[in-house]
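Trainee: Predicted coordinates and the sequence they were generated for:
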Amino acid sequence: MHMPLDNSFAALPDAFYTRVAPTSVKAPKLLAFNEGLAKLLGIAATDQDDLAQIFSGNSLPQDADPLAQLYAGHQFGNFNPQLGDGRAILLGEIIDSNGIRRDIQLKGSGRTPYSRGGDGRAWLGPVLREYVVSEAMHALGIPTTRALAAVSTGEDILREQGMLPGAILTRTASSHLRVGTFQVFAHRGQVAELQTLTDYAIKRHYPDASGPMDMLRAVCARQADLIAQWMSVGFIHGVMNTDNCAIGGETIDYGPCAFMDDFNMGRVFSSIDQQGRYAYGNQPNIAIWNMAQLATALLQIFEDKDAALEEATAIIHAMPDQIEAAWLTRFAAKLGIAAPTQEDTDLVQSLLDLMQNEGADFTNTFRALSDGAARDQFTDRDAFDAWATTHAERIAYLPNVHDIMNAANPAVIPRNHRIEQMIAAATAGDMAPFERLMAAYKTPYTLTDPDLAKAPTQSEIVPATFCGT
Ligand code: AMP
Ligand code: MG
């Protein structure tokens, strides 16, 4: 198999990473391979064994320059001065057929100098969760890292739940630069490295930015839109630590993430998020907090610290309005309104309030708005009808309302109970549910598998997602 690698990160100074090869595994078996993505990357598929060897890390592509990246990060608000890829290895980069440089990274490929106490491995459940959810996010049109392959290792690993089958995910990303990548050098006072990193990030992600401050502005803009998009499909990331916040604006590091069924602003899935720091409705605040950490790190580059602080503060202070505007654009589209005005905020908010009161299903309520079936989602029909009358008046003379709604309201999202069922089946050796989900989530705005659109029954509800990844 040929991988046309072109490695720019490995050409940076040693301070940014440690060269380390994947640790080979006993009996790699290919579970999934993303042919469409492979084609975009110019990877010619060969036989399954060859793919299993490469994507398990047992054999390296010819031009690979494997390394683990260094970074730091705030985890649940507490600064950890050194994290880094503890179980991920960057093989190199490929410039895809759209001209975008993409990292090719193995996740779960063995220990690195940054593993701390960890085993460097991942188990099958989170690997397949990330595979399915990241590809669904991509199909939904939301910026995200993607899944290229999943391989089982033939080795069992120990997690809280007991011994579990090991697996490795190969993912692609427009880069793995994180807020934490900047923080590690800022914390150490390595200003030259911080400058080099910033130059690299500008060149790779924001070639039009005039300098670090302009880059900060651009990163904030992408985060604002990203968070609004998450909110608009009921997505909860679950671990928005600064090391899980990508500079390029993609959704990254799918851990205990989940899509909401019944609407609740305070919904938390992650079993370790006791305080609700990363609750659905708190995601805008956290995105701003993360950008403030990036701003803080970048300040070190500037000679005139006072002027830089003033400018950075203004950028961060602009974020709430920016997110609000992006949120309104996304949610108004869900109501069929392409060019919202400030008053539409109330229209959106009053529907969300009704949904919250009744725990209406987020995805199905919005999807049903265009076919008039949304009132079935509510027991207080009068309250809904009153809202629907106002809505009908608002959209009466607007063009393409139904098309706008159907393009903004997915028919299917990866519901947590379906993901859990898929993982249980895969753990028992049955990949059919995985294939079924992947097929349906490829076209989330078209209903192809009606069963997958159904909200979970009482007994199917999965209230928490465990972090033992
Ligand atoms: P995550 O919560 O997956 O974003 O990981 C946070 C940090 O812990 C990162 O530095 C990871 O590389 C590291 N980490 C997570 N799981 C493991 C593991 N099993 N072995 C080594 N390092 C890990
Ligand atoms: Mg992470």
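Mentor: Sure thing, it's come through. Ligands and ions are numbered 1, 2, ... in the order given.
Trainee: What's the local residue count around residue 281?
Mentor: Burial measure for residue 281: 16 neighbouring residues, criterion other C-beta atoms under 10 Å. For glycine as for every other residue, the C-beta is placed from the backbone atoms N, C-alpha and C.
Trainee: May I have the residues that are in contact with it?
Mentor: 265-267 (C-beta atoms under 8 Å, 6 or more residues apart in numbering).
Trainee: Out of those, grab the one that's most surrounded.
Mentor: residue 267 leads the contacts of residue 281 on contacts (other C-beta under 10 Å) with 18 neighbours.
Trainee: Name all residues that make contact with the nearest residue to that one once chain neighbours are set aside.
Mentor: Sequence neighbours aside, residue 280 is the residue nearest to residue 267 in space, at 4.6 Å (criterion: C-beta to C-beta, 6 or more residues apart in numbering). When contacts are counted by C-beta under 8 Å, 6+ apart, residue 280 touches 231, 234, 236, 260, 264-268.
Trainee: and the gap between residue 280 and ligand 1?
Mentor: 19 Å (C-beta to the nearest ligand atom, to the nearest Å).
Trainee: what does residue 246 give?
Mentor: 12 Å.
Trainee: so that residue bridges to which residues?
Mentor: Counting by DSSP bridges, residue 246 is bridged to residue 178.
Trainee: Same question for the one 5 residues further on.
Mentor: According to DSSP bridges, the residues that bridge with residue 251 are residue 144.
Trainee: contacting residues for the residue of the stretch 101-250 of the chain found nearest ligand 1?
Mentor: For the stretch 101-250 of the chain, the residue closest to ligand 1 is residue 118, as judged by C-beta to the nearest ligand atom, at 2.2 Å. Residues in contact with residue 118 (C-beta under 8 Å, 6+ apart) are 86-87, 111.
Trainee: Name the residues of the protein found near ligand 2, please.
Mentor: Proximity of the chain to ligand 2, by C-beta under 5 Å from the ion, involves residues 244, 253.
Trainee: Okay, now the unreliable bits of the chain?
Mentor: 467-468 (pLDDT under 70).
Trainee: Looking at it, which helix is longest?
Mentor: Taking DSSP state H as the criterion, the chain has its longest helix at helix 212-232.
Trainee: Pull out the buried residues from that one.
Mentor: For helix 212-232, the neighbour count (16 or more other C-beta atoms under 10 Å) marks 212-213, 215-232 as buried.
Trainee: Would you map the strands across this protein?
Mentor: 17-19, 29-33, 67-69, 73-75, 78-80, 88-95, 101-107, 122-123, 146-159, 162-173, 235-236, 258-259 (DSSP state E).
Trainee: So which of those strands is nearest residue 430?
Mentor: Closest to residue 430 of the strands of the chain is strand 29-33 (C-beta to C-beta; 11.3 Å).
Trainee: measure the residue nearest the centre of the chain to residue 438 for me?
Mentor: By C-alpha atoms, centre = their mean, the chain has its centre lying nearest to residue 251, at 2.6 Å. Separation of residue 251 from residue 438 (C-beta to C-beta, to the nearest Å): 18 Å.
Trainee: before we move on, the earlier item: Serialize the contacts of residue 118 to TSV and add fields for neighbour count.
Mentor: Output for these, formatted as TSV (neighbours: other C-beta atoms under 10 Å):
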residue	neighbour count
86	16
87	22
111	17
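Trainee: how much space is there between the closest residue to ligand 2 within the stretch 151-300 of the chain and residue 325?
Mentor: Nearest residue of the stretch 151-300 of the chain to ligand 2: residue 253, at 3.9 Å (C-beta to the ion). As judged by C-beta to C-beta, residue 253 and residue 325 stand 27 Å apart.
Trainee: Tell me who's in contact with the nearest residue in space to residue 31 that is not next to it in sequence.
Mentor: Once flanking residues are discounted, residue 31 sits nearest to residue 150: 4.5 Å by C-beta to C-beta, 6+ apart. With contact set as C-beta under 8 Å, 6+ apart, residue 150 has these partners: 30-32, 55, 127-128, 131, 167-170.
Trainee: Residue 387: neighbour count?
Mentor: 18.
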